[in-house]
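**Student:** here is the input, now give the coordinates:
(one chain, ligands or ions: 3)
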Amino acid sequence: MPDILFQLKAVLRCSGSLEPIKQELDVFVREPARTLLKRGAPPGGGAVIEAWDVAGNTLELELRSDRFVRVHDALLRLKNELSRLLARHRIGIRDIEIKSYEISLEWDASIKLGRLPFVRELKQDGGRLILVLDVDYATLERRIPDRLLKLLEEKKEAASWKGKSEHWELLFESGSKPRGFDKDPTEEMVKRGWIVHAAGRGQWIYGPQLTRIFRAFERILIEEVLKPLGYEEMIFPKFVPWAVWKRSGHAKGIYPEIYYVCTPKTRDPGYWEDVMDYYKITNEVPVEMIKERIEPVGGMCYAQCPPFWVFIQGRTLPDEILPIRVFDRSGTSHRYESGGLHGIERLDEFHRVEIVWIGTKEQVIEHAEELRMRYRRIFDRILDIEWREAWVTPWFMAQEGKAGLAELKEVGTVDFEAILPYSGKWLEFQNVSINGDKYPKGFSVKLQSGEDLWSGCSGVGLERWAAVLLAQKGLEPGRWTDAFRRFTGDRLPEVFRFL
Ligand code: ATP
Ligand code: ZN
Ligand code: MG
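**Tutor:** Ligands and ions are numbered 1, 2, ... in the order given. A predicted model of the protein is given here:
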């Protein structure tokens, strides 16, 4: 048995009886069809017609193939040739019914599979997996079986990476700094009334003191990094429709972490009247009733830069405007972090400055380096913190066949991590990523010269910067550097008191 075997049964319904031309069909099946189904395959490979039968207006076909001319391709080829043959007898093909479609392939039984799209039944038989597909002709025209096999390949690959999560390699260490604080800064800030837990999960209300610190971070970033490196500010959308995540690649996997956004199916008040009435009578929001009346249209900002790309989607850029350097700090990011929430370190709603640069490969790699050096000056001279930098390769990149590029350190991410003395753990507080041609390709952006366009992005998490600085230095401005106090002032604002 070949490593992979495809079997298909189909019924072609025609506009007239095929009985009178049975002889001609027999000749067709014997020769032209035989060659047709081997075309492009290595010797001995390809598809074959295992059985066929004519009854009135219908032609039944049984096809079998290896990986080369897969049965659905074979069926498409046969349909075209048969259409021509039948046309000579003024007969048309009305419709094609797929009676059955099975794929049998070698599969390691230890890699467990859940439900798969377009698969009615999954059977593990020794070292082989049998997939009984649930497909119609239109699905075969979209080549869904090919995509299904690609998906299985990816699952196999992902299984081999499981537990290894990501590659981590130390690039730089600031060395230790004197520590003067060992408490959890979130708890301290709550005690002092600087922050209050908001009504939502993983969400805080930041009082004037911490807000002053966040704004100081932004100003430092602008003065020390963004202005000198030639950045301009933009405002990126914060609701992200599916179309954007399809192009950015996020649609492949972020479902467990999305804050979903839904629109009403209609804004006709009559359609919502029973919902309103239910609330008025019970003081309960009838979530189940609402679910039936809304449509998920996307999610809240997750990675920040994807919706920016629509600005240049489908356009060609003149080479001389490169490198493009823009940043956004216009709103919140949202992730469903589930059980991982902790203080202001891991939130469902957080604030981040997102920095995006676009250029040729050389420009993008070089710029990432400049950015890192600028960041280092901030952490060293202004915040005076202990941090390290590590090269990380997320497993999805290896999975996308980009492990080679990652090994060259051309595509991938540098994580900046800092020690939290109260827990002894390292926390990632920002990253610098070189994304290769992923975004320009995904959003069809081209360069006039035809050269490859690359991009990079860097996310500066304000809560993470605060968590790191306050965990290492404490909450008293007197313990911070003069350079940092230049941005915050010597005293933080006091607005609220409670009785
Ligand atoms: P982690 O491994 O800590 O979950 P991540 O790899 O998911 O982080 P990225 O996707 O690289 O984070 O996001 C870029 C930056 O956004 C992070 O360096 C951090 O500053 C910030 N960030 C991401 N997730 C959160 C969160 N849940 N709460 C606060 N800040 C976050
Ligand atoms: Zn980004
Ligand atoms: Mg995360």
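
**Student:** which helix or which strand is home to residue 296?
**Tutor:** In this structure, residue 296 is located in strand 294-300 according to DSSP states H and E.

**Student:** residues making contact with that strand?
**Tutor:** With C-beta atoms under 8 Å, 6 or more residues apart in numbering as the contact definition, strand 294-300 has outside contacts at 238-242, 244-245, 254, 258-265, 332-334. In short, each C-beta sits where N, CA and C put it, glycine included.

**Student:** ok, 7 Å please
**Tutor:** Outside strand 294-300, the residues that touch it by C-beta atoms under 7 Å, 6 or more residues apart in numbering are 238-242, 258-265, 334.

**Student:** of the residues you listed, closest to ligand 2?
**Tutor:** If you rank the contacts of strand 294-300 by distance to ligand 2 using C-beta to the ion, residue 240 comes first, at 12.1 Å.

**Student:** need phi/psi at the closest one.
**Tutor:** phi -120, psi 110 (degrees, to the nearest 10).

**Student:** ok, how many other residues are close to it?
**Tutor:** Residue 240 is flanked by 27 other residues according to other C-beta atoms under 10 Å.

**Student:** cool, residue 62 as well?
**Tutor:** That count, for residue 62 with other C-beta under 10 Å as the rule, works out to 17.

**Student:** tell me which helix or strand comes right after the helix or strand harbouring it.
**Tutor:** Of the helices and strands defined by DSSP H and E, residue 62 is found in strand 58-65. Note on strand 58-65: by DSSP H and E, the next helix or strand toward the C-terminus is helix 71-87.

**Student:** would you mind getting the angle between that next one and strand 58-65?
**Tutor:** Taking axes from the mean of the first three to the mean of the last three C-alpha atoms, to 10 degrees, one finds helix 71-87 and strand 58-65 inclined to each other by 150 degrees.

**Student:** what's the mean pLDDT across helix 71-87?
**Tutor:** Rounded to a whole number, the mean pLDDT of helix 71-87 is 97.

**Student:** check stretch 26-45 too.
**Tutor:** Confidence over stretch 26-45, taken as the mean pLDDT, stands at 94.

**Student:** of all of the stretch 1-150 of the chain, which residue lies closest to ligand 1?
**Tutor:** For the stretch 1-150 of the chain, the nearest residue to ligand 1 under the criterion C-beta to the nearest ligand atom is residue 114, separated by 24.4 Å.

**Student:** pLDDT at that residue, what is it?
**Tutor:** Among the per-residue scores, residue 114 holds a pLDDT of 91.

**Student:** residue contacts, the residue in the chain that ligand 1 sits nearest to?
**Tutor:** Scanning the chain for proximity to ligand 1 using C-beta to the nearest ligand atom identifies residue 461 as nearest, at 2.2 Å. Contacts of residue 461 were listed using C-beta under 7 Å, 6+ apart, and they are 350, 352, 429, 430.

**Student:** mind running it again at 8 Å?
**Tutor:** Contacts for residue 461 (C-beta under 8 Å, 6+ apart) come out as 350, 351, 352, 429, 430.

**Student:** do residue 306 as well
**Tutor:** Taking C-beta under 8 Å, 6+ apart, we find residue 306 in contact with 240, 244, 245, 247, 248, 250, 439.

**Student:** which of the residues you listed fall in helices?
**Tutor:** Judged by DSSP state H, those include 244, 245, 247, 248, 439 as members of helices.

**Student:** verify the stated contact: the last one with residue 307.
**Tutor:** Right, residue 439. No. Using C-beta atoms under 8 Å, residue 439 and residue 307 do not qualify as a contacting pair, with a distance of 11.4 Å.

**Student:** quick check: which element contains residue 50?
**Tutor:** strand 47-55.

**Student:** mind listing what's buried in that strand?
**Tutor:** Of the residues in strand 47-55, 47, 48, 49, 52, 54 count as buried by neighbour count, 16 or more other C-beta atoms under 10 Å.

**Student:** picking up where we left off before, how far away is the residue of the stretch 1-150 of the chain closest to ligand 1 from residue 198?
**Tutor:** Distance of residue 114 to residue 198, computed by C-beta to C-beta, to the nearest Å: 36 Å.

**Student:** neighbour-wise, which of the two wins?
**Tutor:** A side-by-side neighbour count of residue 114 and residue 198, using other C-beta under 10 Å, places residue 198 first with 14 against 6.

**Student:** any idea how far residue 241 is from the most centrally placed residue in the chain?
**Tutor:** The residue lying closest to the centre of the chain (C-alpha atoms, centre = their mean) is residue 250, at 1.7 Å. Noted for residue 250: a distance of 12 Å to residue 241, by C-beta to C-beta.

**Student:** one more: residue 435?
**Tutor:** Residue 435 is 21 Å from residue 241, by C-beta to C-beta.

**Student:** more neighbours: the two, which one.
**Tutor:** In terms of neighbours (other C-beta under 10 Å), residue 435 is the more surrounded of residue 435 and residue 241; the figures are 22 against 14.

**Student:** now do the SS call for the residue nearest to the more buried one when sequence neighbours are not counted.
**Tutor:** Once its chain neighbours are removed from consideration, residue 435 has its nearest residue in residue 455; the separation is 5.3 Å (C-beta to C-beta, 6 or more residues apart in numbering). At residue 455 the chain is in strand, as set by DSSP: H, G, I helix; E, B strand; the rest coil.
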